[in-house]
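> Model the structure of this input:
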Amino acid sequence: MNSRPTVAIVGAGPAGLMAAQRLQGSGLAVDVYDALPTAGRKFLLAGRGGLNLTHSEDAGAFVARYGARAAEVGALLQDFDPAALRAWALALGVATFVGSSGRVFPVGMKAAPLLRAWLHRLREPAAGAPVQFHMRHRWTGWDADGALCFDTPAGALRVHADACLLALGGASWPRMGSDGAWVPWLAQRGVPIAALRPANCGFDVQGGWSDFFRTRFAGVPFKSVAITLQGAHGVTFSRKGEFVATESGVEGSLIYAASAQLRDQIESQGSALFLLDLLPQFAPERVLQEVSHGRGTRSLASHLKSRLGLDGIKLALLHELLDTSDRQRPDVLARAIKQLPVRLSAARPVAEAISSAGGVPFEALTPGLMLHAAPGVFCAGEMLDWEAPTGGYLLQAVMASGYRAGDGVARWLAQNRAMREVDEP
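Residues are numbered from 1 along each chain as shown. As a prediction, this is how the structure comes out:
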């Protein structure tokens, strides 16, 4: 009987590394495999903007950010919540702070020091058996005997492990390893897969921008605006913020926050519509009053700038989306300034998205995140079927799922070993 069971973790991102850390002190031999040359590449990429680790809002509001999967992700957060994540970072020597928006960042605003400390801990024998890393090992599925198959610089490799934990990401940022290549291999083993779709993504506007608007304003932000989405039973989303015009449409934080609803509306209806408030600081009555004020010989552009401070990309969008005749009618123009309809025709491809929705449904997993269809195979991270907005919610759930899956692997192997010992003479 093997006295030291082996665990193969495929994927050296935050979910895989967290699972490895949970398994390190459990007396198991843990090997981490990844297709890229170094661990945590997407983690480092996320850190370019300061590494938003989690968020400080209250637990109820936090869990609600996971939408349809709030119950399932909320259960994972009971094991590893935002306070636990901050304590984990501090144990690695990296203090955190709460920013003005409520987001939590490491002091120093850098991902590299935290990742270095994390990898050092995993490789440090004093923390338990050191985790072994195998880079440039691209997983290609299973062979007929159930061994994990890898393409490596030295050629094909077959690995037999007592348990396997997959932390392969979704389908966003494929150059960082999250390419969704795992979908057919799990499907072949009878695992149901929800289609991978873009989340926190940009969109194309219906009909595209005019050459003038695209040339002059692609990459220019809409600042201090608000968008509203309306459903059959009223307003379903309303928020102030910023977003950016792109070559073909719109993207940015305010669009990302509404992206799940916009994407779903496009999928069900063929297009999506949001109402853009170009001047949320002014009441509709004030806007109508200023627009209706006599302008004499001044141009409409000069009039709107002097009376409302409306110019630049905001003024250009009114010219882009409103007919000349409508711009001359004060009531129609005032209404458009407060509720300009912007129709979207398609989400940008999932490879361009910040994250992805879809993947392995929680219904296909045990509470310990083991696949019902493949005993001994566990899943964690973004390859699970959940989504969340940016703001720390993505990384928090990824790491919480790695925490739960690591514990699940340890418990399952312990139970199997106990059963074998009872059965052996």
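> Just give me the neighbour total for Pro153.
Look at Pro153: counted by other Cβ atoms under 10 Å, it has 7 neighbours. For the C-beta atoms, the positions are set from N, CA and C on the backbone; glycine is no exception.
> Do a quick rundown of the strands in the stretch 301-425 of the chain.
Remark: strands assigned in the stretch 301-425 of the chain by DSSP state E, counting those that start in this stretch are 340-347, 355-359, 377-379.
> so can I have TSV of those showing mean pLDDT?
Conversion of the strands of the stretch 301-425 of the chain to TSV gives the following (pLDDT from 0 to 100):
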stretch	mean pLDDT
strand 340-347	98
strand 355-359	97
strand 377-379	98
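> Tell me which of those lies nearest to Trp386.
strand 355-359 (7.6 Å; Cβ to Cβ).
> and stretch 367-386, how far apart are its ends?
With Cα to Cα, to the nearest Å as the measure, stretch 367-386 spans 15 Å from end to end.
> And it, how far out from the chain middle?
The chain centre lies 18 Å from the centre of stretch 367-386; the measure is Cα atoms, centre = their mean, to the nearest Å.
> buried ones in that stretch?
369-371, 374, 376-386 (16 or more other Cβ atoms under 10 Å).
> Got phi/psi on Gly169?
Gly169 adopts backbone torsions of phi 80, psi -180, taken as degrees, to the nearest 10.
> Enumerate every residue touching it.
Contacts for Gly169 were tallied using Cβ atoms under 8 Å, 6 or more residues apart in numbering; they are 11, 13, 42, 176-179, 381-383.
> So which of those wins on neighbours?
Counting neighbours by other Cβ under 10 Å, Glu382 comes out on top of those with 33 neighbours.
> what would the strands of the stretch 301-425 of the chain look like in a markdown table with distance to Ala272?
Converted to a markdown table, the strands of the stretch 301-425 of the chain look like this (distance: least, Cβ to Cβ, whole Å):
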| stretch | distance to Ala272 |
| --- | --- |
| strand 340-347 | 5 |
| strand 355-359 | 15 |
| strand 377-379 | 31 |
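> and the helix or strand in which Phe243 is found, what does it pack onto?
Assigned by DSSP states H and E, Phe243 belongs to strand 234-245. When contacts are defined as 3 or more Cβ pairs under 8 Å, 6 or more residues apart in numbering; DSSP states H and E, strand 234-245 packs onto strand 221-231, strand 249-251, helix 253-269.
> chain center to the last one: distance?
When you say that, I think you mean helix 253-269. 14 Å.
> Now do that helix: everything it contacts.
67, 197-203, 225, 227, 229, 236-237, 239-243, 271-274, 344-347, 354, 357, 387, 389-390.
> can you check the shortest one too?
Counting contacts by Cβ under 8 Å, 6+ apart, the residues outside strand 249-251 that touch it are 201-205, 208-209, 243-244, 342, 344, 348.
> most neighbours, which of those?
Most surrounded of the contacts of strand 249-251: other Cβ under 10 Å gives Phe203, at 26 neighbours.
> What residues are bridge-paired with the closest residue to it other than its chain neighbours?
Spatial nearest neighbour of Phe203, chain neighbours left out: Leu344 (4.2 Å); criterion: Cβ to Cβ, 6 or more residues apart in numbering. Leu344 forms beta bridges with Val205, Ala272, as assigned by DSSP bridges.
> who touches Leu344 in this structure?
Neighbouring residues of Leu344 by Cβ under 8 Å, 6+ apart: 203-206, 249-250, 262, 266, 271-274.
> Low-confidence regions, the chain specifically.
Counting by pLDDT under 70, the chain contains low-confidence ranges at 1-3, 126-127, 423-425.
> cutoff 80 now
1-4, 46-49, 125-128, 232, 419-425 (pLDDT under 80).
> Quick check: Arg216 is in a strand.
No: assessed with DSSP: H, G, I helix; E, B strand; the rest coil, Arg216 is helix; it does not lie in a strand.
> In space, what's closest to it - neighbours in sequence excluded?
Nearest non-adjacent residue to Arg216 (Cβ to Cβ, 6+ apart): Ala316, at 6.9 Å.
> Hmm, Ala353 is touching Ser172, no?
Yes: the pair Ala353 / Ser172 is scored as a contact, 4.4 Å apart, by Cβ atoms under 8 Å.
> which residues are common contacts for those two?
Shared contacts of Ala353 and Ser172, counting by Cβ under 8 Å, 6+ apart, come down to 198-199.
> neighbours around Ala187, how many?
Count around Ala187 with other Cβ under 10 Å applied: 12.
> you'd agree it is up against Ile193?
Yes: if you go by Cβ under 8 Å, Ala187 and Ile193 touch, sitting 5.6 Å apart.
> what secondary structure does Gly190 sit in?
coil.
> contacting residues around it?
Neighbours of Gly190 in contact, by Cβ under 8 Å, 6+ apart: 373-374.
> any idea how far it is from Ile313?
51 Å (Cβ to Cβ, to the nearest Å).
> what does Val30 give?
Distance from Val30 to Ile313, by Cβ to Cβ: 52 Å.
> just to revisit the earlier point, give me the sheet partners of the strand holding Phe243 and which way each runs.
Counting by DSSP bridges, strand 234-245 is paired with strand 221-231 (antiparallel), strand 249-251 (antiparallel).
> so the most centrally placed residue in the chain bridges to which residues?
For the chain, the residue nearest the mean C-alpha position is Ser355 (3.4 Å; Cα atoms, centre = their mean). Beta-bridge pairing for Ser355 (DSSP bridges): Ala199.
> Over to the one 10 residues further on?
On DSSP bridges, the residues paired with Leu365 through beta bridges are Leu371.
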